[in-house]
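# Fold the following, please.
(one chain, ligands or ions: 1)
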Amino acid sequence: MQMRRARRLLGTVGVVSMLAWPLGAGADDGLARTPPMGWNTWNKFVCNVSETLIKQAADSLVSTGMKDAGYEYIVIDDCWQVSRDAKGNIVADPQRFPSGMKALADYVHSKGLKFGVYSDAGTLTCQSRPGSRGFEEQDAKQYAAWGVDYLKYDWCSTAGQDAREAYTKMSRALRASGRPIVFSLCEWGVSEPWLWAPGVGHLWRATHDIQDCWDCSRPWGGMGVVHIIDQMADLYPYAGPGHWNDPDMLEVGNGGMTTSEYRTHFSFWCLFAAPLMAGNDLGAMSSETREILLNKEVIAIDQDLLGMQGRKVRDRGPYEVWMKPLTSGAMALIFFNRGSEAGAIDVAWDRLGLAPGMSVAVHDLWTHKDLGLFKDRLEFTVPPHDVVMVRVTRNP
Ligand code: GLA
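Reported below is the predicted structural model:
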């Protein structure tokens, strides 16, 4: 999307949001005031889901300190459902979930965590399991009865359906269920949901499926981290408390990228105020993975209560600077080197909206060091495919 178009759309987004807000879940209902955080089965385990896996993930979220760092939703993605019974009720795989979904939700809740499931607006999910089309109210009631707190709702097998209508239908059904349920729209950004989804859901996928790679592209639309960063760049006007752009779940720790690349991935997701859904094997995390996923200073940037998505403020070949405004007039900056050689990346105060001569305090969010006071400009040498991420405080 071009900048001019983004600005034009910005003018209409307020009106669109106001029209959409009375429709259903996601209206300013107090849910997801900060971007949801948790763990989802898909990126690592694909269809290999079971109650054992979910219970282990819940245990690990607590024992690794991830719960304390803010990760709270455990979400079962595709493949938990196998059929509908004679009354049309959705049936969970009895082999993989022998104790049933209610008992599993209770287990997750007993750990102080929240429980999420996945469905699809069409007739079939992306893995050809039964979708919710025509069963929206029945499914929403069932989820509420189980104790579901989060629904990810996909967009496969939806030929002839209108996205806004289909998502609004489930949104209303969730609201009518009487249980607060975070509604995560997953139609990959195809119908520009940032224009109509505030008020329908709490987050909407802005891009196609993330791949565990730096800059690969799949013929069917899947893409690496760098391409997602570029697609998110112009969407900053549309995110805010209760309604977030979703650049897809985290691949940190899944093995396809270097530690620098995973650090870059996580830093950008936090600068974007993105939902942080870890997607790795929590029981087998390396110390590098832990250091990234558990960096509370960077998570605090994601969860900042102002709820603004960061944007690019400087672009010089492979060198970029990105800025996210924070509460109290502070800001987070990413100095990003997308090139293959180390390089010096700088930014002057005018690009950051700081008055000439103003002195600011700078704190490195990855080394956790105070770097001192700076005037007029900042410059860092950044390794290839890596970032320096800092918090800048005015008038220290
Ligand atoms: C789609 C979604 C993914 C995942 C799979 C499951 O591709 O975008 O995030 O949920 O379906 O089949």
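# before we move on, which element is L373 in?
Applying DSSP states H and E as the criterion places L373 in strand 370-375.
# Now do the strands in the stretch 251-396 of the chain.
Under the criterion DSSP state E, counting those that start in this stretch, the stretch 251-396 of the chain contains strands at 276-278, 311-316, 319-325, 331-337, 343-348, 359-364, 370-375, 377-382, 386-394.
# from those strands, which stretch is densest packed?
strand 276-278 (a mean of 27; mean count of other Cβ atoms under 10 Å). (Each C-beta comes from the backbone N, C-alpha and C, glycine too.)
# between the strands of the stretch 251-396 of the chain, which gets nearest to the ligand?
strand 276-278 (9.7 Å; Cβ to the nearest ligand atom).
# what number of residues lie near the closest residue to the ligand within the stretch 101-250 of the chain?
Distance from the ligand to each residue of the stretch 101-250 of the chain (Cβ to the nearest ligand atom) is smallest for C126, at 3.2 Å. Counted with other Cβ atoms under 10 Å, the neighbours of C126 add up to 19.
# Now do the helices in the stretch 101-250 of the chain.
With DSSP state H, counting those that start in this stretch as the criterion, the stretch 101-250 of the chain has helices at 101-110, 136-146, 163-176, 225-232.
# can you list these in TSV and add mean pLDDT?
As requested, the helices of the stretch 101-250 of the chain are exported to TSV (pLDDT from 0 to 100):
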stretch	mean pLDDT
helix 101-110	98
helix 136-146	98
helix 163-176	98
helix 225-232	98
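# is stretch 223-231 anywhere near the ligand?
No - Stretch 223-231 stays clear of the ligand (Cβ under 6 Å from any ligand atom), getting no nearer than 11.7 Å.
# List the buried residues for that stretch?
Within stretch 223-231, the residues that count as buried by 16 or more other Cβ atoms under 10 Å are M223, G224, V225, V226, H227, I228, I229, Q231.
# now the strand holding L373 and strand 377-382, what's the angle there?
Relative orientation of strand 370-375 versus strand 377-382 (axes from the mean of the first three to the mean of the last three Cα atoms, to 10 degrees): 140 degrees.
# who does strand 370-375 pair up with?
In the sheet, strand 370-375 lines up against strand 359-364 (antiparallel) (DSSP bridges).
# Dump the strands of the stretch 251-396 of the chain to TSV, plus mean pLDDT.
Formatted as TSV, the strands of the stretch 251-396 of the chain follow (pLDDT from 0 to 100):
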stretch	mean pLDDT
strand 276-278	99
strand 311-316	98
strand 319-325	98
strand 331-337	99
strand 343-348	98
strand 359-364	98
strand 370-375	97
strand 377-382	98
strand 386-394	98
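# okay, those strands in JSON lines with distance to V75 next?
What follows is the strands of the stretch 251-396 of the chain, written out as JSON lines (distance: least, Cβ to Cβ, whole Å):
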{"stretch": "strand 276-278", "distance to V75": "7"}
{"stretch": "strand 311-316", "distance to V75": "28"}
{"stretch": "strand 319-325", "distance to V75": "25"}
{"stretch": "strand 331-337", "distance to V75": "27"}
{"stretch": "strand 343-348", "distance to V75": "36"}
{"stretch": "strand 359-364", "distance to V75": "32"}
{"stretch": "strand 370-375", "distance to V75": "37"}
{"stretch": "strand 377-382", "distance to V75": "34"}
{"stretch": "strand 386-394", "distance to V75": "27"}
